[in-house]
Structures are given as C-alpha cells and as structure tokens.
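K.L.:
Any chance you could fold what I've pasted below:
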Amino acid sequence: QNSTAQYFRLKFVATRGRSYRSDMAVDDIRFYPCGPVTEGACDFEADACAWTAKSTSKFAMWKRLQGVRASINSPPPHSDHTRKATIGYFFHALTSSVVDDSLPDTIRSHLSSSELTRSESNCRMDFYYYINPSENANGTKLEVAALKNDGNVELLKTISDDKRNTGSWRHGYVELRSIGLQDKFTVIFAGVFPKAATKSVVAVDDVSFRKCGKKPLELDFSSMSASDLACAFSVGTRVVRGNDWRWTVQDGYGPGTIYDSLKNESDRAWVKVRWDNSYRNSYRVGYKGAFDLAILDLDMCAQCKPCHALSVCSSTGMDFNCSCQPGFKGDGDTCFVTADAAGCSFDTSLCNWKNGDGAVLQWSTRQGVVNAQALARKKRATQDVHDQLPEVGASGEGGYALVLASQSPKPEDNLAVLDSVFLKAEAGICQIQYSVVMFGSDKSVLEVRAIMSDNRIVPLGMHRGSIGTWWVPFSHDLPKEGIYTVEFRATPGVNGSGAVAIDDIKLGTCEKLQCDQTPIPKNGYFDVRLDDGKTPINPYEGRLEVRVGSNEWGGVCDDNFGEAAGEVACRQLGFSGLYSVVHGPISRTKFAHGTPNPWKNLWLTNVQCNMTAVQALASRRDASQSTVRLSDCTSCPWGYANSQCSEHEFVGIVCNVDGGWSKWSEWGACVSKCRNSDPDSGVTVRSRKCDSPEPRNNG
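P.N.:
Residues are numbered from 1 along each chain as shown. Down below sits the predicted model:
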C-alpha cells in the first residue's frame, strides 16, 4: 500500500520447521481495491474492534474467545468462521452449567458496536452466527437490533434455535434502510437464554457492512401454495441469498437468475441458479422447510402468465392485475369480443380467429386470383385441387380461409381447427353466419360447435361430403347464456383429395336476418317429396319439394339448409335418416329433369331445424302422426325464397335406405341325409334376400 511503484510482485516465503513434519498451503488468493475499513466491521482476529459486551447477569456474558481455548468438553463452536481453525477468534456467550433459581426466567446478554453513522456503504450488515442450544431447555435465540439516536430500539431479526439455525456457522444479514442517512446508531447482538438453558451457546463472527442494492420482495414462502411457489421460483426469476443461506460466498454477495429446476425433486424443492459472478449451483426452495433464496425481482406476467391471452397483465411482485385489451369486454379473467369484432372476411389475416392446438393441419388465408390467372387455370388439360378453388371470397372479392387435405390416408392426420376468441351470450348476439366451399372428397367433414367455459360442447352444424366449388351460406343459433368459443373443425378428405374453405364469418342478432324467422308455414302441416328427375323416380334421393294442401309443389333454397333439416325431411319421408345434402348447382345437374317447369317455385329458405325440439313436438302427437316434420322447423316466410334465391340454389337430399326382406321362395326338394333313417325325415330349404329394397347410403 505504501509502494509508489507501478508494478509489483507478491511473494509468499515459506520456511519449513526442523521436524519436517509440517506443511504449508496457500489457496483462494484475491485482490481488492484499497479503501477505508467500514466502521463496525470486524473479524475479531486482532481485537474486538470496539464491540463491547453488556449483560444483566454473569450467567451468559459475551466474550471474545479463541477456538483453541474452548474445552473439548465444552459446547461448540471449537473454531471460528474466519479461519475455520481453533486459533481463530470470535465472540460468544455461554450459559452456566448450573441453573440459578435467583435469575429471571429469561436472561439477555448484549454485544454492542461502537456508535456508527448511517451511510450508503453500510446499508446492509452481514454476519455469521452459531447457536448451540441447551439439551434441557429450548428457546435460545439470537436477536439483532439497532439502537437509534432517538433512543428507540428497532428489532431487525430474530434467529431461533430450531434445527435450520444450529450445529454450524450460518450466514445472516439485516438491512438498515429504516435508519436515515447520516443518523447515528448502534448495532446490538442479543443472546436470549431461558434460565434453564445450561451450556447453551450463541456466537458471532465476521461482521461486515456493504451497500444494500435492490431490496428483496417481502414474501412469506411458508404460506404459499405449491403452484404459487412454482411460479415464484420459475426460470427467469432474479434472486439473492435468503434467510436460510449457508453456502459461504458462492453468490459473491450479488444477485443471480434461476435457469432450471431439478425435475427429479418433488414440490420443486431445489432450483438451479446462475449468479452474476458466473458461479452456478442448486439451492433449497422448500426442501425440508428451508429457503436459501429470496426473490429480488419477479415478472409474474411473463413467467407465470396468470392472465387470459386477450388480457393486458401488470404485476408487482406476486401481485398482478389483468385487464382486457382495447376493443374487448370482460373483467380481465375472461375477455370476450363484441359481435362486430368476432367476424372476419379473411382478406389478409385470420383476424381474431386462431388455429387450434394439437391439430395437424393449419388454416391459412388465400388471396383471390385475377381473371387472367383464372382463365389460364381453366385451359389446363388436367386440373388438381388448387385449380378448383374459388377465385374470390364469398362476397365476390377478397380472400378466404382455406385448409387442404394432406397426403396422409388417416383422417386424424387431416384435422384442422379454427377457434374464435371468447364470446359472451348476451342480448344482441344469437347467431353466427358464414359461407362454405367443400369439394374433392366424399370424406370431407366440417363441424361447427360451441365450446362452453365449463368445457361442454354444443353442436351447431355439421357438413359432410362435397358441397361444391361455389360459396354456400349457412347460419346457426348460438348459446343463449354463458361464455364460449366457436370452433370450426375441418377434415378435408384424405390423400390430398379435398379442400374446405370458409369466408365472411359474421355474428349478429336474430333481427339481422334477412327475414323474420317463423314456424313454416304459419298455417301448419305441409307435404314433402323428392324428385330425382328420373322415371321411375328413386324414392330415396332427389330435389326436395314442398307444398301446402293441393297447391303447387315448390323447391327449398339451400341457404342455411344443413344436415339437421335434411335429417328431418328424410325421416318425414319414412327413411331412417339422412345420407347427404346436395347443394345448388350439383342438385340442378343431378336432378335436372322432372315435373314440368321444376324450377318455377322456391317456397322455403333459411330452414333451421333443432332436432331435440322437433322430436319433442313429434312425441306429443298421436301415435299415427308421431314422425318428425319439416313443418316443425323454422324458416323465412313461405314464398320469401322466390325473391331471394335463384334456380341454381334448389337443395336436394339423399336419404338412408334400410334394407327389406323379399318374399320367401318356394320350398326346395326334401333331401334325406341317412339311408337307415325314417323315410319321412330329411331337410328342405327356402330363402329370402335383403333386397326389397337393398340397403343404400349407410342404411
């Protein structure tokens, strides 16, 4: 320190004794910048550094003691913390081996520093302590307090004699933030002993002062749940040494970051920390009730993600607040959108819709193509799936959402899920409208359903097979209560053979329909038939036609005509159920001929059937009239479709056909199987077939 040379060399000179039985070693050489020694700091090796002892009794007086002077039969410690050797010095208080009944029930012995001045450099006091409790009485404690210049004493820390704090030198610290800068104060170590605690020891060594740094969060880990602890000590949390620290100076007295948890320990009892001095190790965070770490900084929002995906999260320590993003409603725990915000035209993005977790295929937006490109495609000799995709969205312009089948033959490998954000059933939202294109495979399926907040599934609509390469509009009623999401689940065929596209999703009120949704017709029952344009007519498939009384037959528009309506129509016709719905242009091509001027009338549109409600109505009729009826569904007013739909929008259906037995054949010749049998015995056979009719369409 007194040298003026710019460079120097440090030399250790070892002189071995004559006995040749001694060895010397050097380890852990460190260099530090020079500076004044902080008053009050002391390792007690050279002297007591102005620390003084005071006690209400000689029963447990503090003494500066050298470890070698401790008798083998006396309680530990037998070495100090600084040198970890018997020749090192420390302060300790030892109670008598005999109980003195004249003493009070609790004896306090004080070790006090000199008067100190609070500064930036002594905001925190570190020390090492040793508690060796009595075998015949619990309750030995070490208290750390500050005597302020106004005469008040502030208790900074109490260290009890439980197993976590006994049996070895342990690290402790207190912060002096409550003492104002430049204020005078005195630090007091108080050994607290029950009268019956004989041969009980409290020791202190290596007192030092330093800057506080950032104050750790004041958290009660012992009262936290397992999930809160898992969040608090998750990867990325900034930590410092805590109250149960016993790992010397691995942290360099600085902060560190949790970078991993030990997966093989239960209850997240240990975590791995990388300190800012680059040292790494594992530390207890609940293992046997010990917490080596205190949390310096925690970003609950980033690390624990306690808020909904549509929420804005703000946090301080373990406290957090969730609020909905602009444009969304809700209390922060659950955020939902208004009807306008939930819709999407898919011109440039999926809007507030997203691909569902776990699905193999992904929905994506496809931009409309220009006419020149469309014409070029049509001139190709061989067209693939891409050639049949709509040129523009359902509105006549813009893009749409699309999913194509993969090359996998497994349906589960061809699933795509499109989820809405949270919606809330409330006055003003009761229906979802959308348009669909499905083609290329009779195995294509598009299922529309609502997923309630309690995970209940409410089916909304189901489309199977090939609808065509044109846009067909649909709408469904939404749940009347609760919070839910809407999910489009598409399986666009297999082996790359199909495509499903949706566009123009809109949420609206019932009043936003193009017509008043009413029972059809208002005057009651009407007839239903199928016309397939052939002679004789196939009774199980054809263009769906309806009439009231003896009026003219007319068709049904395919707008919003779904599988539920087709199921009701097939069952009213006497079949066991629906096989498929045939939409507009395909229906016109497949069922092109029939009654004179078959495209003259369109009586119904927006037919909506609730199978549960329809079956309930049927069950209340006479047995002879118990079948379900299309008239139990709802639609726009009778005849409204004539002004709204074209001849390309007549819907057709294909129904399941259950097989029926033919008549028995005549008995065959009798065949006798045994020569010696009764001549009247033998076998004769007759037969019949399940071909009257043959089962068709999954019948």
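
K.L.:
shouldn't C301 be in contact with S314?
P.N.:
Yes - contact criterion C-beta atoms under 8 Å: C301 and S314 qualify, at 6.8 Å. To be clear about C-beta, it is placed using only N, CA and C from the backbone, and glycine gets the same treatment.

K.L.:
hey, what's in contact with both of these two?
P.N.:
Residues within reach of C301 and of S314 at once, by C-beta atoms under 8 Å, 6 or more residues apart in numbering, are F320.

K.L.:
which one of those two has more residues nearby?
P.N.:
C301 (17 against 13; other C-beta atoms under 10 Å).

K.L.:
show me the contacts for the more buried one.
P.N.:
Going by C-beta under 8 Å, 6+ apart, C301 touches 307, 313-315, 320.

K.L.:
could the residues you listed go into TSV alongside pLDDT, secondary structure and distance to V144?
P.N.:
Formatted as TSV, the contacts of C301 follow (pLDDT from 0 to 100; DSSP: H, G, I helix; E, B strand; the rest coil; distance: C-beta to C-beta, whole Å):
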residue	pLDDT	secondary structure	distance to V144
C307	74	coil	40
C313	80	strand	38
S314	80	strand	36
S315	76	strand	32
F320	77	strand	33
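
K.L.:
between these, which is nearest E39?
P.N.:
Each of the contacts of C301 was scored against E39 by C-beta to C-beta, and S315 proved nearest at 40.1 Å.

K.L.:
how about the closest one, what does it touch?
P.N.:
So S315 contacts 298-301, 321 (C-beta under 8 Å, 6+ apart).

K.L.:
Excluding chain neighbours, what is closest to the spatially most central residue of the chain?
P.N.:
Against the mean C-alpha coordinate of the chain, by C-alpha atoms, centre = their mean, the closest residue is K305 at 8.2 Å. The shortest distance from K305 to any non-neighbouring residue, by C-beta to C-beta, 6 or more residues apart in numbering, is to C313 (7.8 Å).

K.L.:
same deal with V486?
P.N.:
S420 (4.3 Å).

K.L.:
One more: L147?
P.N.:
Nearest residue to L147, sequence neighbours excluded (C-beta to C-beta, 6+ apart): T186, at 4.3 Å.

K.L.:
That neighbour reaches T117, doesn't it?
P.N.:
No - the pair T186 / T117 is not scored as a contact, 10.9 Å apart, by C-beta under 8 Å.

K.L.:
Of the two, which one has the most company?
P.N.:
A side-by-side neighbour count of T186 and T117, using other C-beta under 10 Å, places T186 first with 18 against 14.

K.L.:
Helix or strand next in line after the lowest-mean-pLDDT helix or strand in the chain, which one?
P.N.:
None of the helices or strands of the chain scores lower by mean pLDDT, DSSP states H and E than helix 371-378, at a mean of 37. Using DSSP states H and E, the helix or strand that follows helix 371-378 in sequence is strand 400-404.

K.L.:
Quick one: residues contacting the closest residue to P216 other than its chain neighbours.
P.N.:
Residue nearest to P216 in three dimensions, not counting chain neighbours: A294, with 3.8 Å by C-beta to C-beta, 6+ apart. A294 is in contact with 216-217, 219, 239-243, counting by C-beta under 8 Å, 6+ apart.

K.L.:
same thing but at 6 Å, please
P.N.:
A294 makes contacts with 216, 240, 242, as judged by C-beta atoms under 6 Å, 6 or more residues apart in numbering.

K.L.:
okay if I get those as JSON lines plus secondary structure, distance to V271 and pLDDT?
P.N.:
Below are the contacts of A294 laid out as JSON lines (DSSP: H, G, I helix; E, B strand; the rest coil; distance: C-beta to C-beta, whole Å; pLDDT from 0 to 100):
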{"residue": "P216", "secondary structure": "coil", "distance to V271": "16", "pLDDT": "85"}
{"residue": "V240", "secondary structure": "strand", "distance to V271": "14", "pLDDT": "90"}
{"residue": "G242", "secondary structure": "coil", "distance to V271": "12", "pLDDT": "86"}
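
K.L.:
Run through who's touching stretch 145-160.
P.N.:
141-144, 165, 174, 183-186, 188.

K.L.:
of the residues you listed, closest to V494?
P.N.:
Using C-beta to C-beta, N165 comes nearest to V494 of the contacts of stretch 145-160, at 67.9 Å.

K.L.:
Check that closest one and give its pLDDT.
P.N.:
You'll see N165 listed with a pLDDT of 69.

K.L.:
on that earlier part again, Produce a ChimeraX select command limited to the buried residues of the contacts of stretch 145-160.
P.N.:
Listed next is the ChimeraX selection for buried residues among the contacts of stretch 145-160, using 16 or more other C-beta atoms under 10 Å:
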select :141,142,143,144,165,174,183,185,186,188
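
K.L.:
Nice, that's everything, thank you.
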